[in-house]
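Novice: The amino acid sequence is not available; the structure is as follows:
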């Protein structure tokens, strides 16, 4: 294990560096958390372009809030960033609902893109986010090769051919890893008695 590649400094350390004027502090925080924040957004909106737009807005908001001294959750930086992301996602779909602009892509029946979305069902939105978080935690428990194919397929949207090329394996191997990953996920869901459905 290469310990020199392991950054053991806390988020608070980099927050204080950034607030004191060292731009590298925010760069390090973004590098450390970008994958989890991006995945969190993508799991909800299921659209790459929209995910990238909201992702950028999240860290603009983070930077503005840090500079304005609005961050008070010492030790809970990532949870704070997730709350910002969640609020921006809800704001986006509220605005979309007001404008009556609905997606025509494959996800038009998604929770957020349907007329069901309203102030009254924000509880459903929170439940949906919790479900996505629990699934992501289960994915993290998979063997590395299975986790990789799940992330590339469902979070990054790659085809199995692209996955095979990127991971230097055959398409059959990529498909096999996906099959075992799904089997293992189902087992973990049953073992943990998780309810991954909206009530």
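Specialist: Done, it's in. A quick note: this is a predicted structure, and the numbers were derived from the prediction, not measured. Residues are numbered from 1 along each chain as shown.
Novice: domain assignment for the protein?
Specialist: Here the chain is described, according to automatic domain parsing, as comprising the domains 9-120, 141-199.
Novice: Would you convert those into CSV that also reports mean neighbour count?
Specialist: Backbone N, C-alpha and C define where each C-beta goes, glycine included. Formatted as CSV, these follow (neighbours: other Cβ atoms under 10 Å):
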stretch, mean neighbour count
domain 9-120, 15
domain 141-199, 15
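Novice: Redo those as CSV? Include distance to residue 135 and mean pLDDT.
Specialist: What follows is those, written out as CSV (distance: least, Cβ to Cβ, whole Å; pLDDT from 0 to 100):
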stretch, distance to residue 135, mean pLDDT
domain 9-120, 8, 79
domain 141-199, 7, 81
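Novice: Turn these into a markdown table, including distance to residue 134.
Specialist: A markdown table is the format used below for those (distance: least, Cβ to Cβ, whole Å):
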| stretch | distance to residue 134 |
| --- | --- |
| domain 9-120 | 11 |
| domain 141-199 | 6 |
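Novice: ok, and what's touching stretch 72-92?
Specialist: Counting contacts by Cβ atoms under 8 Å, 6 or more residues apart in numbering, the residues outside stretch 72-92 that touch it are 10-12, 15, 29, 33, 36-37, 40-41, 44-45, 50, 54-55, 57-58, 61-62, 65, 71, 112, 122, 125, 129.
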